[in-house]
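# from the sequence below, what's the structure:
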Amino acid sequence: MRIRIPPQDVPAIDPATGKFTVDWYDTLKALEKVGLIDLADFDSSTAATNGQVPVFNSTSGKWKPGAN
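Next up is the predicted model:
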């Protein structure tokens with residue numbers, strides 16, 4: 001899945017309304033659908049539990065759930 005990030009000059013918040021601009025809203029909705037297991041370099045063989053963070057394993061070259 002490719003997610004388009006708006007250019008730098010596109011504001012995230014519309015100053016007139018105080019809400020996300022359409023470009024950024026669409027980007028955030030697309031990011032919301034992506035989970036860590038969708039990433040090619042994330043080891044999804046172990047499910048993460050509450051409080052864990054991604055930790056890089058240099059042997060496998062992948063990220064995995066681990067302690068902070």
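# please make it C-alpha for all contacts and neighbour counts, starting now.
Fine.
# residues touching the helix or strand bottoming out on mean pLDDT in the chain, excluding its own?
The helix or strand of the chain with the poorest confidence is helix 22-32; it has a mean of 86 (mean pLDDT, DSSP states H and E). Identification of contacts with helix 22-32 by Cα atoms under 8 Å, 6 or more residues apart in numbering yields Ile3, Arg4, Ile5, Pro6, Val10, Ala12.
# which member of those is positioned nearest Ser60?
Nearest to Ser60 among these, counting by Cα to Cα, is Ile3 at 26.3 Å.
# need the phi and psi values for the closest one.
phi -120, psi 130 (degrees, to the nearest 10).
# same deal with Phe42?
The phi/psi pair for Phe42 (degrees, to the nearest 10) is phi -110, psi 120.
# that one bridge partners, please.
Trp63 (DSSP bridges).
# per-residue confidence at it?
As predicted, Phe42 sits at a pLDDT of 80.
# picking that back up, from the contacts of helix 22-32, keep the buried residues only.
Of the members of those, the ones counted as buried by neighbours, 16 or more other Cα atoms under 10 Å, are Ala12.
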